[in-house]
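Student: The following block contains a protein sequence and its predicted model.
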Amino acid sequence: MPEMAGLDEGTPLFIQVADRLAGEIADGGLAEGERVPSTNELAAFYRINPATAAKGINVLADDGLLEKRRGIGMFVATGARQRLLARRRAEFTQRYVAPLLSEATRLGIDTGELFDLIKDAGHEREGASL
Amino acid sequence: MTPAISATGLTRRYRDHTALDDINIAISGGTITGLLGRNGAGKTTLLRILAGHEFPSSGSVRVLGAPPAENEDVLRRLVFVREDQAYPDIKVGQALRAASWFHPNWDSTLASSLLDDFGVRANKAVKKLSRGQRSALGITIGLAARAEVTLFDEPYAGLDAVARQVFYDRLLADFAEFPRTVLLSTHLIDEAAALFEGVIVIDRGRVVLDAPADVLRGVATRVSGPCLAVDALAGGRPVWERRRLGSQASVVMVGQLSADDREQARSSGLDLTPLSLQQIVVQAAAGVLAPAPETSFETERTCA
């Protein structure tokens, strides 16, 4: 798809919109109490149907991460960031550690070597940031 | 709620062939729906009947609650932009003025700004326009009419990718501000896919798929990798297509994959690629995806 502002093809678009907004809240790009873009703003930005954008916003609203203020719009709920971060931590093993371990197994890297690799990469990072 | 557009048992026969064969659809008001299918599938015939340009041979069609043909009340609230629309020998500005008389919600400011976006001058004679500029004029009329029912039939012959993007952007922006019922036929499916809330696919005069666009995304996934692992995941489940090369296999699995499926795919080294709307429509038009998708799939194993 040429121009859809970075959304991909296979996942339902409203889920991708919800994920993007959740990501922004978790990263602090959208602060708690801040107004989130309106349905029409999202539709224009992502070049998608407004009903699809609305569905994405509703996913987060139903989850209590956004709250509606009548006549003004949707706002990031208090505690939303903490809840999203907690959820991401809970998913960390499944999303990152498990794939790391299975690829390591495929390559014949044992747990000890893996530890060393992680430590080295960590040192390089710290070194680079100095 | 009464749908804005509906057809029941709609059939259109010409002397030697059936262009539409028992079409049953219901399109809710305030939505953008994609009408998709191959050339000659019957898209134009359906739109012409909805626009009141043709009568059904049998069955019924309702637009804004009434049959559209020879119905002034309905036709004034409807705009139909055809592929390669013909115009009398007039200037662009005159064509717009004529359209403004017919369409009660006409917005002339929108019309001029669209013409500007497309780079078409109002004082140019319509017959001197290029094919793409004529398409741009049709699109301008279709959007500026702000008609409750807006029908576009492949409206962009000769328009380049940039101009088509202008069309999509302006359609979305104006639709957001003035919701209406839009039915757009196109073969540029991937390009237009994100505009659609609903998708209707017709093939050889029949509806082969009618579903919300978001339901179709992720409805099929290509699974590829080691043959045994593919079988372990896909064996006994509905698939569309299987290919095999040596110890590698690739199948298209139908239905949403669960988190467990994904985990299994990952740990066994399988690649998962969701099918795009275009690919799904191709499958639908090929008749693989029947209206009842859970029936009639082959389920034998690949590696045996």
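Tutor: Here it is on my side, so go on.
Student: Tell me, how many residues neighbour the closest residue to A:V76 other than its chain neighbours?
Tutor: Nearest residue to A:V76 in three dimensions, chain neighbours excluded: A:E32, at 4.9 Å (CB to CB, 6 or more residues apart in numbering or on different chains). Every residue, glycine included, has its C-beta placed from N, CA and C. For A:E32, the neighbour count with other CB atoms under 10 Å in any protein chain shown is 15.
Student: ok, now B:L172?
Tutor: 22.
Student: Now it. Nearest residue, chain neighbours left out?
Tutor: Per CB to CB, 6+ apart, closest to B:L172 is A:A43, 5.7 Å.
Student: Can you say which helix or strand has that neighbour in it?
Tutor: helix A:39-46 (DSSP states H and E).
Student: And the next helix or strand past that helix?
Tutor: helix A:50-62.
Student: Could you pull out the strands in chain A for me?
Tutor: A:66-69, A:73-76 (DSSP state E).
Student: in its sheet, what does the first one sit against?
Tutor: This points to strand A:66-69. With DSSP bridges as the test, strand A:66-69 is paired with strand A:73-76 (antiparallel).
Student: which parts of the strand it pairs with are buried?
Tutor: By 16 or more other CB atoms under 10 Å in any protein chain shown, the buried positions in strand A:73-76 come out as A:74-76.
Student: Send me it as PDB with only the CA atoms.
Tutor: What follows is strand A:73-76, C-alpha atoms only, in PDB (Å, rounded to 0.1, in the frame of the first residue of the first chain):
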ATOM      1  CA  GLY A  73     -13.000  15.000  22.800                       C
ATOM      2  CA  MET A  74     -11.000  12.100  24.200                       C
ATOM      3  CA  PHE A  75      -8.200  12.500  26.800                       C
ATOM      4  CA  VAL A  76      -5.600  10.200  28.100                       C
END
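Student: ok, residues contacting it?
Tutor: Contacts of strand A:73-76 from elsewhere in the structure, counted by CB atoms under 8 Å, 6 or more residues apart in numbering or on different chains, are A:25, A:30-36, A:38, A:57, A:61, A:65-69.
Student: do the same with stretch A:105-122
Tutor: A:100-101, A:104, B:269.
Student: Let's see that with 10 Å instead.
Tutor: A:100-101, A:103-104, B:267, B:269 (CB atoms under 10 Å, 6 or more residues apart in numbering or on different chains).
Student: Switch the strands of chain A over to TSV; also include mean pLDDT.
Tutor: Formatted as TSV, the strands of chain A follow (pLDDT from 0 to 100):
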stretch	mean pLDDT
strand A:66-69	93
strand A:73-76	94
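Student: Confirm B:G34 sits in a strand?
Tutor: Yes. Applying DSSP: H, G, I helix; E, B strand; the rest coil, one finds B:G34 inside a strand.
Student: what are the phi and psi angles of the closest residue to B:P212 other than its chain neighbours?
Tutor: Once flanking residues are discounted, B:P212 sits nearest to B:G198: 5.6 Å by CB to CB, 6+ apart. Backbone geometry at B:G198, expressed as degrees, to the nearest 10, gives phi -130, psi 160.
Student: Tell me what B:G198 is bridged to.
Tutor: Beta-bridge partners of B:G198, as defined by DSSP bridges: B:T33, B:P212.
Student: Next one: B:F118 from B:S135, what distance?
Tutor: 9 Å (CB to CB, to the nearest Å).
Student: In terms of neighbours, single out the busier of these two.
Tutor: B:S135 (26 against 20).
Student: residue contacts, the nearest residue to A:R83 once chain neighbours are set aside?
Tutor: For A:R83, ignoring the flanking residues on the chain, the nearest one in space by CB to CB, 6+ apart is A:L65 at 6.9 Å. The contact partners of A:L65, by CB under 10 Å, 6+ apart, come to A:18, A:21-22, A:25-26, A:32, A:36, A:59, A:74, A:76-77, A:79-81, A:83-84.
Student: gap between A:L65 and B:S268?
Tutor: Distance from A:L65 to B:S268, by CB to CB: 34 Å.
Student: what do you get for B:E177?
Tutor: From B:E177 to B:S268 the distance is 50 Å (CB to CB).
Student: okay, these two: which has more neighbours?
Tutor: Using other CB under 10 Å as the criterion, B:E177 and B:S268 rank with B:S268 on top: 15 against 11.
Student: For the residue lying closest to that one once chain neighbours are set aside, give me its contacts.
Tutor: Nearest non-adjacent residue to B:S268, counting by CB to CB, 6+ apart: B:A229, 3.8 Å away. Residues counted as contacts of B:A229 (CB under 10 Å, 6+ apart) are B:223, B:248-249, B:264-265, B:267-270, B:303.
Student: and if you look at A:A54?
Tutor: A:A54 neighbours (CB under 10 Å, 6+ apart): A:14, A:17, A:38-40, A:42-43, A:61.
Student: Using PyMOL, make a named selection holding only the buried ones among those.
Tutor: In PyMOL, this line selects whichever of the contacts of A:A54 come out buried by 16+ other CB under 10 Å:
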select buried, chain A and resi 14+17+38+39+40+42+43+61
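Student: I'd like the contacts of A:A54 as JSON lines, with pLDDT appended.
Tutor: Output for those, formatted as JSON lines (pLDDT from 0 to 100):
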{"residue": "A:F14", "pLDDT": "92"}
{"residue": "A:V17", "pLDDT": "93"}
{"residue": "A:S38", "pLDDT": "93"}
{"residue": "A:T39", "pLDDT": "93"}
{"residue": "A:N40", "pLDDT": "92"}
{"residue": "A:L42", "pLDDT": "93"}
{"residue": "A:A43", "pLDDT": "93"}
{"residue": "A:A61", "pLDDT": "96"}
